[in-house]
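Novice: sequence unknown, structure follows:
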């Protein structure tokens, strides 16, 4: 006969094995982190990508991947057209986000950094689209 301790360990192991890895509820459905990244990447533009990021945020280290997907989506609107000085200014603003919470511990600060970086990319996208006479997508 199994002891109570062994039964408890077995019960925990079975309950962990039955749950999906990194699943979250996002956009009213269960999605993995990779599925949310794919959803962000599939958005038509920076604004809608940022909206998905805000709706699906974890306030933890997983937001780093989500924020990076938003950065990539937003950068498509402006990065090819930046001058050397503008590129340096963009890098400087991103670096400021990186150092803002550098000495803080906890995964929520990784999330704060990811949002800071995504917001910088979003602002650059908005400016570029405005200068081009396009509406933010």
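Specialist: That came through, no problem. Computed from a prediction, not measured in an experiment: that's the story for all the values here.

Novice: any residues touching stretch 83-99, and which ones?
Specialist: Here stretch 83-99 makes contact (CB atoms under 8 Å, 6 or more residues apart in numbering) with 79, 82, 113, 116, 117, 120, 124. (Glycine included, C-beta is placed from N, CA and C.)

Novice: the fifth one and residue 89, how far apart?
Specialist: Put plainly, it is residue 117. According to CB to CB, to the nearest Å, residue 117 stands 14 Å off from residue 89.

Novice: so for stretch 55-67, mean pLDDT?
Specialist: Mean per-residue pLDDT for stretch 55-67: 96.

Novice: comparing residue 117 and residue 89, which residue is more hemmed in?
Specialist: residue 117 (23 against 13; other CB atoms under 10 Å).

Novice: hmm, residue 69 and the more buried one touching each other?
Specialist: No. Using CB atoms under 8 Å, residue 117 is not in contact with residue 69, being 11.3 Å away.

Novice: still on that earlier bit, which members of the contacts of stretch 83-99 occur in helices, if any?
Specialist: 113, 116, 117, 120, 124 (DSSP state H).

Novice: distance-wise, check the third one relative to residue 23.
Specialist: Distance from residue 117 to residue 23, counting by CB to CB: 25 Å.

Novice: low-confidence ranges in the protein?
Specialist: Along the chain, segments meeting pLDDT under 70 span 1-22, 135-137.

Novice: give the closest residue to the residue positioned nearest the centre of it in space, chain neighbours not counted.
Specialist: What sits nearest the mean C-alpha location of the chain, by CA atoms, centre = their mean, is residue 66, with 2.1 Å. Distance criterion CB to CB, 6 or more residues apart in numbering; nearest residue to residue 66, sequence neighbours excluded, is residue 53 at 5.1 Å.
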